[in-house]
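1. Quick one: sequence and predicted model below, then my questions.
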Amino acid sequence: DKYPKENAFDEFISKSGGSDNAYTEMEYTVYHLEIPQEGLFKALDMMAQFFVSPLMSGDAVERELNSIESEFQLSKNCDESRLLQLLCHTSGNDPGCHPFSKFSWGNLKSLKEIPEKNNVDVMKELWKFYHQYYVAPNMRLVVVGGYTLDVL
């Protein structure tokens with residue numbers, strides 16, 4: 001691994017005066033960062049490693065599942081979230097219904113407890129998902145910086 005330390009990216013971004021975040025919508029995930037120009041190329045190289053050679057340790061996955069659960073608990077009672085769940089629920093309940101009818105969020109129950117109860121190896125499924133969907137044809141990269149296009 002080029003950057004084997006789990007939090008190396010976040011440490012670099014923070015020390016460089018930048019910020020980063022990610023979010024997932026129904027059909028896509030967005031990773032974004034802002035960093036002073038002099039740190040751009042190293043930050044892009046480090047971020048690329050998330051997709052080339054992700055660390056995805058069991059401990060990190062467990063912490064991320066807990067973060068997802070925390071976000072779910074904070075958001076589940078807001079009106080916008082409740083409306084979205086109502087729309088999903090009224091889209092049907094059987095497998096032949098519209099894809100929007102499926103539970104559209106992740107939480108600890110849907111991402112860990114139910115799969116484990118059904119003898120699903122969550123780590124194996126994460127790697128399977130990564131190999132199926134985190135491939136170049138599915139990705140787009142947008143870079144905005146103070147360099148010429150030839151340099152970027």
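-> Nice, thanks for sending it over.
2. Quick check: closest non-adjacent residue to Met26.
-> Setting aside the residues directly before and after it, Met26 is nearest to Ser104 in space (CB to CB, 6 or more residues apart in numbering), at 6.1 Å. (C-beta placed from N, C-alpha, C; glycine too.)
3. Hmm, His89 and that neighbour touching each other?
-> No - in this structure, Ser104 is not within contact of His89 by CB atoms under 8 Å, at 10.3 Å.
4. Neighbour count: the two, which is higher?
-> More crowded of Ser104 and His89, by other CB atoms under 10 Å: Ser104, with 15 against 12.
5. Give me the three-state assignment for the more buried one.
-> What DSSP: H, G, I helix; E, B strand; the rest coil gives for Ser104 is coil.
6. Pull the contacting residues for it.
-> Applying CB atoms under 8 Å, 6 or more residues apart in numbering, one finds that Ser104 lies in contact with 26, 84-85, 88.
7. Asp1 too?
-> 49, 53, 55.
8. Look at the last one and give its secondary structure.
-> To tie it back to what came earlier, the one meant is Leu55. Going by three-state DSSP: Leu55 is coil.
9. In terms of helices and strands, where is the nearest residue to it once chain neighbours are set aside?
-> Leaving aside its sequence neighbours, Leu55 sits nearest to Glu6 (CB to CB, 6+ apart; 5.9 Å). Here Glu6, judged by DSSP states H and E, is contained in no helix and no strand.
10. residues near the closest residue to Phe51 other than its chain neighbours, how many?
-> Of all residues not flanking Phe51 in the chain, Tyr134 sits nearest, at 5.6 Å (CB to CB, 6+ apart). By other CB under 10 Å, 14 other residues sit near Tyr134.
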